[in-house]
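Student: Sequence and predicted structure, then a few things I'm wondering about:
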Amino acid sequence: MPLLSLASFPKAIVHMDCDAFFTSVEQSLNPHLKGRPVVTGKERGIVACASYEAKALGVKRPMRLFEAKKICPSLICLPSDYESYSLYSKRLFDILRRFTPDVEEYSIDEAFADITGLRRVHHTSYEQIALQMKQAVERELGITVSLGLSPTKAISKICSKEKKPAGFVCIKGYEIEEFFKKIPTERVCGFGPNAVALLAKHGVVTVLDYIARPQTFAQKLLGKIGSDLWRELRGEAVHPIVLEEKPNRFSLGKTKTFTPPSNDRDFVRAQLLRNTESAFIRLRRHSQKAGWLSIHLTDKDYGSRGLEVRLTRPTSSTLEIAGIVSELFDRLFDPAVFYRNTGLVLGELSSDRELQHDLFEDPCRIQSLRELSRVIDKANAAYGKHALHLGATDCLRKFGQHLGNRGDIAERKLRLLPGETFRQHLRVPVWNVKV
């Protein structure tokens, strides 16, 4: 007797995942870049996104650019153009909403869409509806996307990663058991490294191992998160499509150039931590939290080195991040080098209205840090920005600094349309197409 016996599609959920989104947008805007190895992140000195041509040569995130250049001397390095990326993202979601009103903006380059019950509207099967969505995006935006179609969000997200790039994987209800025989638990969105290790200790290595256990096993071992995932992976749609539109801000950065260049460890660290404070003040102002961050240090000769880290849980608390930033700084800083610029970029932004804890975290400490951040923001609003600040940044009061060259700038900020300024643009990208 089969483990599962669901109908083909009790619900039909599509997950669309753009392939190497940032570099794909650059290649769409600049056709001469198509088929060539391209990376973005030049302004930070690290690979933020690599095209599939670059990945094929061994270039990957978050490699330092000088290391990537050694692997691929012909590599094209571009500064990140987040404005154009967000415009493409909005257009992506608009295209999907032509097929169904139930679209969730999961991230800047990912979306879920519920197409249940729309076969009569579109006069075709769910598989064909999904393929039409894929073809419309690729035709109109000039980028490729990978699709997963299944009865739930959790399964669809696994499917979309299965045949990248430009892939399409459809798993019907009665095919779930066979599909999950070969899928390891680390492929499940929601199982972090700790959860995967814990499951392995109980003999659960594949997704099929997990869903073959009783629900009480999932509930006891991983709590409500594990129980809900157990139901989703068995084909029961637990997590609804979230229709609320995400804000346009998908990343946020702060840089500071200072003169004269310095090799004083405490001073340069203080500059970077001040970047961190400023970025998180703005992050909280927009009720956002960050899922990853990167830092970079630029020397007096404009050489730049950076590091990137993905957080185990998105946060908006400066105090939670300060230690991580200091640790990354210690790995980058060279006392023999004089630095003139520091910078920090926050990414994978999401709403900070809801707080979701990992299985092994201290919720009381996390909530206390959130409340402390609110108190600091209120005090700074009353007495001036950075009136309350990290102790490590106190030395900045002794120095006078001014902004200098901000480094590499995306082409869209330089190619202004009539009436535009450096900070005020029309909400349209600029294509580099020769007629």
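Tutor: Structure received.
Student: Who are the packing partners of the helix or strand harbouring Ala322?
Tutor: Remark: Ala322 resides in helix 318-332, with elements defined by DSSP states H and E. Where contact means 3 or more CB pairs under 8 Å, 6 or more residues apart in numbering; DSSP states H and E, helix 318-332 is packed against helix 265-285, strand 288-299, strand 304-315, helix 363-383. Bear in mind the C-beta positions are built from the backbone N, C-alpha and C, glycine included.
Student: and the angle for that helix with strand 288-299?
Tutor: 30 degrees (axes from the mean of the first three to the mean of the last three CA atoms, to 10 degrees).
Student: Please, where are all the strands along the stretch 1-150 of the chain?
Tutor: 13-18, 38-40, 49-50, 76-78, 103-107, 110-114, 145-150 (DSSP state E, counting those that start in this stretch).
Student: what pairs with the third one, and is each one parallel or antiparallel?
Tutor: Spelled out, that is strand 49-50. strand 38-40 (antiparallel) (DSSP bridges).
Student: spatially speaking, which residue is in the middle of the chain?
Tutor: Glu348 (3.5 Å; CA atoms, centre = their mean).
Student: quick one: pLDDT of it?
Tutor: Predicted confidence (pLDDT) for Glu348: 82.
Student: what's the answer for the one 3 residues further on, then?
Tutor: Turning to Ser351, the model gives it a pLDDT of 76.
Student: who's it bridged to?
Tutor: Gln288.
Student: mind checking how far it is from Asp334?
Tutor: 39 Å (CB to CB, to the nearest Å).
Student: if we can go back for a sec, contacting residues around the helix holding Ala322?
Tutor: Here helix 318-332 makes contact (CB atoms under 8 Å, 6 or more residues apart in numbering) with 268-269, 272-273, 276-277, 280-281, 293, 295, 297, 305-307, 309, 311, 315, 344, 366, 369, 372-373, 376, 390, 392.
Student: Stretch 22-30 too?
Tutor: Under CB under 8 Å, 6+ apart, the answer for stretch 22-30 is 18, 33-34, 38-40, 48-51, 54, 78, 80-81, 84-85, 88, 141-144, 429-432.
Student: How about stretch 39-49?
Tutor: 20-23, 26, 50-51, 54, 59-66, 68, 75-81, 294-296, 298, 303-308, 343, 345, 407-409.
Student: now do the same end-to-end measure for it.
Tutor: Taking CA to CA, to the nearest Å, stretch 39-49 runs 5 Å from one end to the other.
Student: cool, stretch 172-184 as well?
Tutor: 19 Å.
Student: Please compute how far it lies from its chain's middle.
Tutor: Offset of stretch 172-184 from its chain centre (CA atoms, centre = their mean, to the nearest Å): 27 Å.
Student: So which of the helices and strands packed on helix 318-332 is nearest Leu233?
Tutor: Smallest distance to Leu233 across these (CB to CB): 21.7 Å, for strand 304-315.
Student: partners of that closest one in the sheet?
Tutor: strand 288-299 (antiparallel).
Student: The partner strand vs helix 363-383, what angle?
Tutor: 70 degrees.
Student: what mean pLDDT does strand 288-299 have?
Tutor: The average pLDDT within strand 288-299 is 88.
Student: tell me the contacts of Leu426?
Tutor: Contact analysis of Leu426 by CB under 8 Å, 6+ apart lists Leu417, Glu420.
Student: ok, 10 Å please
Tutor: Going by CB atoms under 10 Å, 6 or more residues apart in numbering, Leu426 touches Leu416, Leu417, Pro418, Gly419, Glu420.
Student: ditto for Gln128
Tutor: By CB under 10 Å, 6+ apart, the residues touching Gln128 are Arg119, His122.
Student: Find me the pLDDT at it, would you?
Tutor: Gln128 carries a pLDDT value of 97.
Student: can you map out the strands along the stretch 151-300 of the chain?
Tutor: Applying DSSP E, counting those that start in this stretch to the stretch 151-300 of the chain gives strands spanning 168-170, 251-262, 288-299.
Student: tell me what the shortest one is packed against?
Tutor: So the one you mean is strand 168-170. Using 3 or more CB pairs under 10 Å, 6 or more residues apart in numbering; DSSP states H and E as the contact test, the elements touching strand 168-170 are strand 13-18, helix 126-141, strand 145-150, helix 153-160.
Student: partners of that strand in the sheet?
Tutor: strand 145-150 (parallel).
Student: what separates the residue nearest to Phe267 when sequence neighbours are not counted from Ile295, distance-wise?
Tutor: Leaving aside its chain neighbours, Phe267 sits nearest to Cys395 (6.2 Å; criterion: CB to CB, 6 or more residues apart in numbering). Using CB to CB, Cys395 is found at 19 Å from Ile295.
Student: before we move on, what about Ala68?
Tutor: Ala68 is 18 Å from Ile295, by CB to CB.
Student: repeat for Arg64
Tutor: 12 Å.
Student: Show me which of the two is the more surrounded one.
Tutor: Per other CB atoms under 10 Å, whichever of Arg64 and Ile295 has more neighbours is Ile295, with 26 against 20.
Student: Which residues does that one form beta bridges with?
Tutor: For Ile295, the beta-bridge partners under DSSP bridges are Leu307, Leu344.
Student: and it, what does it touch?
Tutor: Counting by CB under 10 Å, 6+ apart, Ile295 touches 44-46, 272, 275-276, 305-309, 324-326, 328-329, 331-332, 342-345.
Student: again, only this time at 6 Å
Tutor: Going by CB atoms under 6 Å, 6 or more residues apart in numbering, Ile295 touches Leu307, Leu328, Leu344.
Student: now do Cys159
Tutor: Gly148, Ser150, Val169, Ile171.
Student: model confidence over stretch 241-261, on average?
Tutor: On average, stretch 241-261 scores 75.
Student: go on, stretch 29-40?
Tutor: 94.
Student: Just give me how far that stretch sits from the chain centre.
Tutor: The chain centre lies 21 Å from the centre of stretch 29-40; the measure is CA atoms, centre = their mean.
Student: list the buried ones in that stretch?
Tutor: Residues of stretch 29-40 classed as buried: Leu29, Asn30, Leu33, Pro37, Val38, Val39, Thr40 (neighbour count, 16 or more other CB atoms under 10 Å).
Student: Kindly report the same for stretch 187-195.
Tutor: Arg187, Val188, Phe191, Gly192, Ala195.
Student: Now do that stretch: everything it contacts.
Tutor: Lys157, Ile158, Thr185, Leu229, Phe360.
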